[in-house]
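**Q** Okay, predicted coordinates and the sequence, questions at the end:
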Amino acid sequence: MTEITVNSTICDFVHTIRGSKKGSKIVVDIETPCEKIKKFSLMEIPVNEILDIKNNYVIDKAQEARCCSNCLVPCAVLNLCKLECGFLARSLAKKAGSLSIEFNDV
């Protein structure tokens, strides 16, 4: 099982994403105060639908929920899926610690 915390400082929400691989799917649960994210907080994501950004189960669900284009949750869910499938090394994720976006000269 993988657990990821997303600090969405722009919208002031903290989301906890948990998931694990079960056969050919990744079962994901998102604990969130955001009403939009709640609309897709429980997912069974087919492994073969996380690899391409255009035909992507997670991105499709985020669009259906009308998530903002700058929402970090879909990206975090995809990273969780890649960790669970072994497409992203846990050692690399642990070494990185976090991802961030810095607004310079704003």
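**A** It's in.

**Q** now the longest helix along the chain: mean pLDDT?
**A** Scanning the chain for the longest helix, with DSSP state H as the assignment, gives helix 73-85. The pLDDT scores in helix 73-85 average 95.

**Q** list the buried ones in the helix or strand just after it?
**A** With elements assigned by DSSP states H and E, the helix or strand that comes after helix 73-85 is helix 90-96. Of all the residues in helix 90-96, those buried under the rule 16 or more other CB atoms under 10 Å are A93. In this view, the C-beta of every residue, glycine as well, is placed from N, C-alpha and C.

**Q** Mind listing residues that contact the longest helix of the chain?
**A** Outside of helix 73-85, the residues within contact range by CB atoms under 8 Å, 6 or more residues apart in numbering are 2, 4, 6, 8, 15, 17, 19-21, 26, 28, 30, 32, 34, 37, 43, 45, 47, 50, 56, 58-59, 61-62, 67, 87-88, 90, 93, 99.

**Q** how about stretch 59-68: buried residues?
**A** Applying a neighbour-count criterion of 16+ other CB under 10 Å, one finds 59, 61-62, 65, 67 buried in stretch 59-68.

**Q** do the same with stretch 39-47
**A** 40-41, 43, 45, 47.

**Q** all strands for the protein, in order.
**A** Ranges of strands in the chain, per DSSP state E, are 2-8, 13-22, 25-31, 42-46.

**Q** quick one: strands adjacent to the shortest one?
**A** Applying DSSP bridges, strand 42-46 is found paired with strand 25-31 (antiparallel).

**Q** Pull the residues that contact the strand it pairs with.
**A** Looking at strand 25-31 with CB under 8 Å, 6+ apart, the contacting residues turn out to be 15-21, 37-38, 40-47, 50, 73, 77, 80-81, 84-85.

**Q** got the angle for it vs strand 13-22?
**A** For strand 25-31 against strand 13-22, the angle by axes from the mean of the first three to the mean of the last three CA atoms, to 10 degrees is 160 degrees.

**Q** could you check the angle strand 2-8 makes with strand 25-31?
**A** Strand 25-31 runs at 40 degrees relative to strand 2-8, counting by the same axes, to 10 degrees.
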